[in-house]
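Q: fold the following.
(chains A and B)
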There are 2 protein chains.
Amino acid sequence: MEKVRTIKLERSVLADNDADADALRRELKQKRVFLVNVMSSPGSGKTTLLISLVNRLAKRFRVGVMEADIDSDVDAVKVAEKADCKAVQLHTGGMCHLDAAMTRQGLKELGTDGLDVVFLENVGNLVCPAEFDTGACLDMTILSVSEGDDKPLKYPLIYQKCALVLISKLDALPYFPFDIEKCKQNIRRRNPHSTILPVSAKTGDGMDDAAEWFAKAINNFRESK
Amino acid sequence: MEKVRTIKLERSVLADNDADADALRRELKQKRVFLVNVMSSPGSGKTTLLISLVNRLAKRFRVGVMEADIDSDVDAVKVAEKADCKAVQLHTGGMCHLDAAMTRQGLKELGTDGLDVVFLENVGNLVCPAEFDTGACLDMTILSVSEGDDKPLKYPLIYQKCALVLISKLDALPYFPFDIEKCKQNIRRRNPHSTILPVSAKTGDGMDDAAEWFAKAINNFRESK
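A: Okay, here's the model as predicted:
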């Protein structure tokens, strides 16, 4: 028996992705499902961080995870084994990003009935995913300490778009020339209003605060009209 | 006075990028300029590694570097300050990759007269750059230890395409769950013939061997008809 289901996404033929994304956001609002679009570089530790976060949130919320990749199911298998949630693997057919129609397909396969929050792990890429609205209620990005504090200077759009930035692999800080204050300044140059939370999924440092931030965001979303 | 020149690239209007890339490769062969297309994730340490490599090669060859980014000139400034070579910054106008026409524009601005080898640091992205032939004589990718040994499973095309993979940030091996042998197996699943060289630009580990590999490749290219 396969450990997780893998869904091959159809490429979108819709001309107006923005309108489709808005429609999906309205549907999610009606169903009270909070969809989080998680973007980052390959290897920033998205999956490990999600597992740590989901296991904290699962005490209070019913959680779903969609792992999008070009190939392989290593991430979804890891999530299914280690996190207390529903998980599916989405294959993008070589595509470098997800759009709203692909996200909708994924949600249909995952099944959102009874779920409070769904995390979509987008393709590891700082450029293209930022250009396509997935219909998510929250766009976030993860920047790992090992990548360097200058990434917001080089990939402006993703930092402009994201309301939340998690600085991950905080435990690796002694081994890399990464200045957290400089990084925060670089992020704020792109978006003065973004929330920035430094975390380590390995040591658990900052993870309770991050989970609390998400719990508030989910509750606010579910209570607002 | 600006430290480095920044060139805004025009988006390509050519229908047949593959034919244009082949034409550029023939021109480079005639001029005996060995063009290397360096691809990787954001934050894999491309620039630091290039500086370390260029300073080793500069004793024997005349080297040029083109730094491609969506925004900022941090990489070209770093190269100009620390490496013994000609350097320019290319801005892609938001584009997630370079094609042959954009590469040709960059080479024209850099000026290739008298150069033996040019390194093109492509946009940090494992997906789109692999889909577009730049006209380079060698495609290579860098995988840093902090990204994880599973990247070749998730980003198949770039590993299929690259004849050389440098495993970088080898000094960080004690701090990350990265298995070099497993990584080599994962790379070889995508391309059984690729050369794999583990290096650390920080400690210099493996860098002389890598420089030697490049010196041979450059000489072979310049001597062959």
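
Q: show the residue spans covered by the strands in chain A.
A: A:5-8, A:34-40, A:63-69, A:86-91, A:117-121, A:138-144, A:164-168, A:195-198 (DSSP state E).

Q: just the CA trace of the last one, in CSV.
A: By that I understand strand A:195-198. What follows is strand A:195-198, C-alpha atoms only, in CSV (Å, rounded to 0.1, in the frame of the first residue of the first chain):
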residue,chain,number,x,y,z
THR,A,195,5.7,39.8,10.9
ILE,A,196,9.2,38.2,11.3
LEU,A,197,9.6,35.2,13.6
PRO,A,198,13.0,33.5,14.1
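
Q: any idea how far that strand is from the chain center?
A: Relative to its parent chain, strand A:195-198 has a centroid offset of 14 Å by C-alpha atoms, centre = their mean, to the nearest Å.

Q: and that strand, which strands flank it?
A: Strand A:195-198 pairs in its sheet with strand A:164-168 (parallel), by DSSP bridges.

Q: got it, and the fourth one?
A: Note on strand A:86-91: by DSSP bridges, its sheet partners are strand A:5-8 (parallel), strand A:63-69 (parallel).

Q: deepest in the core, which of those strands is it.
A: Counting by mean count of other C-beta atoms under 10 Å in any protein chain shown, strand A:63-69 has the highest mean neighbour count of these, with a mean of 26. Placement of C-beta: from N, CA and C, glycine included.

Q: get me the contact residues on chain A for chain B.
A: Chain A has residues A:41-43, A:69-72, A:74-75, A:94, A:96, A:123-128, A:144, A:146-148, A:150-151, A:153-157, A:169, A:171-172, A:175-176 near chain B, with proximity defined as C-beta under 8 Å from any C-beta of the partner chain.

Q: mind redoing it with 7 Å?
A: Within chain A, the residues that sit near chain B (C-beta under 7 Å from any C-beta of the partner chain) are A:41-43, A:69-72, A:74, A:96, A:123-128, A:144, A:146-148, A:150-151, A:153-156, A:172, A:175.

Q: from those, which land in helices?
A: Applying DSSP state H to the residues of chain A next to chain B, the entries found in helices are A:74, A:151, A:153, A:154, A:156.

Q: out of the residues you listed, which comes closest to chain B?
A: Of all these, chain B sits closest to residue A:153, with 4.0 Å by C-beta to the nearest C-beta.

Q: what about the nearest residue to that closest one once chain neighbours are set aside, distance to residue B:124?
A: Spatial nearest neighbour of residue A:153, excluding adjacent residues (C-beta to C-beta, 6 or more residues apart in numbering or on different chains): residue B:72 at 4.0 Å. For residue B:72, the distance to residue B:124 equals 12 Å [C-beta to C-beta, to the nearest Å].

Q: who's more crowded, the two?
A: Using other C-beta atoms under 10 Å in any protein chain shown as the criterion, residue B:72 and residue B:124 rank with residue B:124 on top: 29 against 20.

Q: my guess is residue A:175 meets residue B:169, correct?
A: No: between residue A:175 and residue B:169 there is no contact under C-beta atoms under 7 Å: 9.1 Å.

Q: which one's more surrounded, the two?
A: Legend: neighbour count by other C-beta under 10 Å for residue A:175 and residue B:169, higher for residue B:169 (28 against 18).

Q: got the end-to-end distance for stretch A:198-217?
A: Start and end residues of stretch A:198-217 are separated by 18 Å (C-alpha to C-alpha, to the nearest Å).

Q: and residue A:38, what does it touch?
A: Neighbouring residues of residue A:38 by C-beta atoms under 7 Å, 6 or more residues apart in numbering or on different chains: A:46, A:50, A:119, A:120, A:121, A:122, A:140, A:142.

Q: kindly report the same for residue A:174.
A: Counting by C-beta under 7 Å, 6+ apart, residue A:174 touches no other residue.

Q: separation between the residue nearest the centre of chain A and chain B?
A: Residue closest to the mean C-alpha point of chain A, counted by C-alpha atoms, centre = their mean, is residue A:38 at 1.5 Å. For residue A:38, the distance to chain B equals 15 Å [C-beta to the nearest C-beta, to the nearest Å].
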